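1. Return atomic coordinates for the entry below.
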Amino acid sequence: MTRRELTGHQARSATTIHGWPAVFFGVPFLAAGIGAYVVQRLAPESIQGPRLLMVWFAGIFGLVGLLMIVHGLRGLRRRAGVARRRAAHPGQPWLWDYEWDRSGASDDTRRRLWRAIFVSVFFVAFLLPFNWIGFAMPDVSGRGLWMAIVGLFDLVTVAADVLSTCFCGTSSTAPAPSRSTHFRSSWVTNWRCVSRGRAVVKSSTA
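-> Presented below is the predicted three-dimensional model:
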């Protein structure tokens, strides 16, 4: 079997860390969120700023940790499934990594669209406490450095959103069928984006 890398295709995984590393990566964030919440409950006088800001900070960091832990545990579950399918289909590696629906494949543009919206909103929410510290918190030390770092992350977030929206204009697109009745590789999604308020998909036939 000859293997070759598919170029110009969107990866099926949106993260680069899976399994136990994802779980261990998420634990400190979850602990930081829980710790921040406990501090604002037990020692609110120690908070230099609005109490709501600390609650927001705790919620965001706790959510990051929880999502990473859940992602890691789901990855461990998928890994166990790969081992089972590899044993059941030793000569069919295309069946190992995913439980394909042999009756067809549905277009998942809407799911990817909502995921992109969630990621954008989440990054904005994540940066809000740091923006308050850098631009609105009184008597903060090193305000210039705070403003430079936070402002840079703000610009990167906005630029990423704009580029993800406009990138689809660099190539022609065609609507994908809502469901393909071929199992192996009747269509391969190259990339998905949002343009002029609608999701568009570029696809190619095998």
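
2. Quick check: Val55 touching Gln40?
-> Yes. Assessed by Cβ atoms under 8 Å, Val55 is found in contact with Gln40 at 6.1 Å. C-beta coordinates here come from the backbone N, C-alpha and C atoms, glycine included.

3. Give me the more crowded residue out of these two.
-> Taking other Cβ atoms under 10 Å, Val55 and Gln40 do not tie; Gln40 has more neighbours (18 against 15).

4. host element of the more buried one?
-> Using DSSP states H and E, Gln40 sits in helix 19-42.

5. which residues touch that helix?
-> 15, 17, 46-47, 51, 54-55, 57-69, 71-73, 75-76, 79 (Cβ atoms under 8 Å, 6 or more residues apart in numbering).

6. any idea which helix or strand comes after that helix?
-> Toward the C-terminus, helix 19-42 is succeeded by helix 51-88 as the next helix or strand (DSSP H and E).

7. low-confidence ranges in the protein?
-> Applying pLDDT under 70 to the chain flags the ranges 1-15, 164-206.

8. cutoff 80 now
-> Scanning the chain for pLDDT under 80 picks out the ranges 1-16, 46-49, 98-113, 161-206.

9. part of a helix, is Tyr98?
-> No. Per DSSP: H, G, I helix; E, B strand; the rest coil, Tyr98 lies outside any helix segment and is coil.

10. Let me know the distance separating it from Val23.
-> Distance of Tyr98 to Val23, given as Cβ to Cβ, to the nearest Å: 22 Å.
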